[in-house]
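Novice: return atomic coordinates for the entry below.
(4 chains)
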There are 2 protein chains.
Amino acid sequence: MELNKIYKGNSLTKLKSIADNSIDLIYMDPPFFTQRKHQLSSKNAKQKFEFSDVWENVEAYLAFIQRILIESKRVLKDTGSIFLHCDKTASHHLRLLLDQVFGVNNFRSEIIWFYKRWSNAKKGLLNAHQNIYFYSKSNNFKFNTIYQDYSLTTNIDQILQERTRQLNGKSTYKRDEKGQVVLGKEKKGVPLSDVWEIPYLNPKARERVGYPTQKPVLLLNQIIKIASDENDVVLDPFCGSGTTCVSAAFLKRAFIGIDISKDAVKLARKRLDKMVITQSDLLQKGKQFYLEKTPKELYILKSIGAFPVQRNSGIDGFLDHHFNGKPIPVKIQSKEETLENSIAKLEKASNNKGYELKIIIQTNSKENISLLELNPDVKVIKSMGLKIQEIKSVQKELIPK
Amino acid sequence: MELNKIYKGNSLTKLKSIADNSIDLIYMDPPFFTQRKHQLSSKNAKQKFEFSDVWENVEAYLAFIQRILIESKRVLKDTGSIFLHCDKTASHHLRLLLDQVFGVNNFRSEIIWFYKRWSNAKKGLLNAHQNIYFYSKSNNFKFNTIYQDYSLTTNIDQILQERTRQLNGKSTYKRDEKGQVVLGKEKKGVPLSDVWEIPYLNPKARERVGYPTQKPVLLLNQIIKIASDENDVVLDPFCGSGTTCVSAAFLKRAFIGIDISKDAVKLARKRLDKMVITQSDLLQKGKQFYLEKTPKELYILKSIGAFPVQRNSGIDGFLDHHFNGKPIPVKIQSKEETLENSIAKLEKASNNKGYELKIIIQTNSKENISLLELNPDVKVIKSMGLKIQEIKSVQKELIPK
DNA sequence: ACCGTCCCTGAATCATTGG
DNA sequence: TCCAATGATTCAGGGACGG
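Specialist: Now for the predicted structure:
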């Protein structure tokens, strides 16, 4: 089967045409057994998408899913994993199937995706989570740990110290002969837990394409990051509007998408086209479409009191105070760009706009632009990260061996 | 059976001696099928508590629980509910039993209790939640909605305003003849959802009594509040150290506790005499209290790839890579501080720690520290915001009028 | 193959110090 | 005497290791 394609057809049939041990990661988001027909319209209301989740009984539903799972296991590589997304309606039945097909020992995690939601007047608790079951094909599964910030209550300077045991077996922080604390090895933060708070797709989100039960790309990004590497193959046998494929493409994984609805496949392909074009175009447009700025860029902008600008490849933000009555555009040098390149882009985007001061944040190279070549209204500032790098390398030379 | 007592004995036998339709709420926290023996010592190490959670197979475990559930249903009033606490190990099996005994239609919620806890070197996601299944005996179940604060991002003064529809059908906020907004009826907040973040009972918490698997009273409070009223009867057939009874007593509900361990019963009785409920700082003061950094400081830290440190007046963060095998502390000059002052604080906090490189981010003054006064391992970096300010003031002089 | 023991872990508390 | 700052403590985990 060809990669990076979305196929229209029955999931089971299409799965059967995939070779054994060829897939690294399967994410599936099958019907939840809601016994309802789901429909939603695209934003311009031109098109209505729908799919039916009505079954004769739960056994019929489970028999269907079971066949899908058996094929899924077959196509997975030995190091592969499957993520089955569902909700409380049938989660227990589905997990029994997973236990059966993949084995109890290959259960890895129950991931809870939760979100804050607009409330209604139902008697009872507001539903605000869905379940994702993570099973691997074997013990030898692929896993990349993601690290997160320490809790606010953690004493981080303590955590960085090495510990030892006293004679009575109690643990304390180690000190050397001089009474100095002994520092431990590098820490990366706290490993990601099985409870993920990721905002539900806001009804107004640009990402929304009008497909019912659409999942946020951020959720898929996290799954794909922890369970696969670049160039691995990701499969989604119920791909709907194609979120999994978009995420896979964005993260440089190969993908196969399958859906039975002609409209869904058409939509997913369209969504992906936008994405794929952008990939060749330095991923710029894709980033803007789905992720806007990288977190780091956002942090840089925020730290200088600038607000971000989307959809402009030459300007990343504007400072929140004017200069001589004119806005001050800011551009952050991106990974792929030379400094010169960045400056040219900023100049181009500022053409005819009358800005009196423009700022470039230099981030990832030590090339120095001669001040003479620079227009006097363009200022280059080294990012603090870059400065720290420089300090580190100079410092290293000074330290006595 | 007499109320407000804790009974020693087999759960099933004791349950059988309770009258039909006499209980308002059952909470149970049976063994989780961990296939392990759980043990823990009381703080003074005088007493060791333990229970075994080892079973021949899952069927034996389920048969045991099933009998308990059948009796539980019998003793519940028609308006009553049951909360079954478990974890991922057997949650799916247990929910099938609940479906069987109480009926699929009486499933109310899957409550996710999540928390932060210490981490470990596991390959995979860190477990940070447990599951509580909420079933009622009938549709006519008792339920009290708890309202919580609006999320911080909600625009509260807008929510309080009354809305109306324009001629074109669009919704807007209403205004009276004078153009003043019209305030709507009282809002109570957001109804409680099925995902609860309640701090795990910390190893050092005073509330801890040394019984393994002890649950926080705050968790039980929430359950008892939503599913019962004052003077109702709460039953816990696996009461262990008696948390449920403490919570019930505290909330003025009657209770019956049952446990098979003599030691547990003794402990629970003692605990009831002298109730200790941890006033969790984290819950009481809220996360905001611990968040000492301003958003700008956080952005600066993130933009240089540092993780924030909350509880240390001399260090704001650590870079995420070591230098010569040692962490690099970062301090951001705060508004009220002179640069000299900041440096002194950083030096003090680093005392005896053996850091080989320390970084100060200068933010809000143009004072320059003579390099001679500075220890060679302290480096001052001007923040990008400061540099932009400097550029602006120099630029202003250069601009032709 | 299975067991107990040891180690590393970090969140959130208690405990002690310092002004 | 009272906070505020920070040092000390310990576990419904989980891997490695040795018998």
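
Novice: in the stretch 201-350 of chain A, which spans are strands?
Specialist: Per DSSP state E, counting those that start in this stretch, the stretch 201-350 of chain A carries strands over the ranges A:233-236, A:254-259, A:306-308, A:317-319, A:329-332.

Novice: worst mean pLDDT among those strands?
Specialist: Here the lowest mean pLDDT among these goes to strand A:306-308, at a mean of 83.

Novice: so which elements touch it?
Specialist: Using 3 or more CB pairs under 8 Å, 6 or more residues apart in numbering or on different chains; DSSP states H and E, the elements in contact with strand A:306-308 are helix A:295-303, strand A:317-319. (Glycine included, C-beta is placed from N, CA and C.)

Novice: for the ones you listed, which one sits closest to DNA strand D?
Specialist: Among the helices and strands packed on strand A:306-308, the nearest to DNA strand D by CB to the nearest atom of the strand is helix A:295-303 (23.5 Å).

Novice: check whether that closest one comes near chain B.
Specialist: Yes - using CB under 8 Å from any CB of the partner chain, helix A:295-303 comes into contact with chain B via A:295-296, A:299-300, A:302-303.

Novice: looking at the strands of the stretch 201-350 of chain A, which is nearest to residue B:226?
Specialist: Evaluated with CB to CB, the strands of the stretch 201-350 of chain A place strand A:233-236 nearest to residue B:226, the distance being 37.7 Å.

Novice: picking that back up, of the residues of helix A:295-303 next to chain B, closest to residue B:251?
Specialist: Using CB to CB, residue A:295 comes nearest to residue B:251 of those, at 43.6 Å.

Novice: low pLDDT regions in the stretch 51-200 of chain A?
Specialist: Applying pLDDT under 70 to the stretch 51-200 of chain A flags residues A:119-121, A:167-169.

Novice: where do the helices of it begin and end?
Specialist: A:58-75, A:91-102, A:156-159 (DSSP state H, counting those that start in this stretch).

Novice: got those helices as a markdown table, with mean neighbour count and distance to residue A:31 columns?
Specialist: Below are these laid out as a markdown table (neighbours: other CB atoms under 10 Å in any protein chain shown; distance: least, CB to CB, whole Å):
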| stretch | mean neighbour count | distance to residue A:31 |
| --- | --- | --- |
| helix A:58-75 | 18 | 8 |
| helix A:91-102 | 21 | 11 |
| helix A:156-159 | 17 | 45 |
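
Novice: could the ones you listed go into a markdown table alongside distance to DNA strand D?
Specialist: Below are the helices of the stretch 51-200 of chain A laid out as a markdown table (distance: least, CB to the nearest atom of the strand, whole Å):
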| stretch | distance to DNA strand D |
| --- | --- |
| helix A:58-75 | 22 |
| helix A:91-102 | 17 |
| helix A:156-159 | 6 |
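
Novice: now check the longest strand along chain A, is it near chain B?
Specialist: Longest strand in chain A, counting residues (DSSP state E): strand A:76-86. No - counting by CB under 8 Å from any CB, chain B has no neighbours in strand A:76-86; the shortest distance is 10.0 Å.

Novice: swap in stretch A:49-62?
Specialist: No - counting by CB under 8 Å from any CB, chain B is not contacted by stretch A:49-62; separation bottoms out at 8.7 Å.
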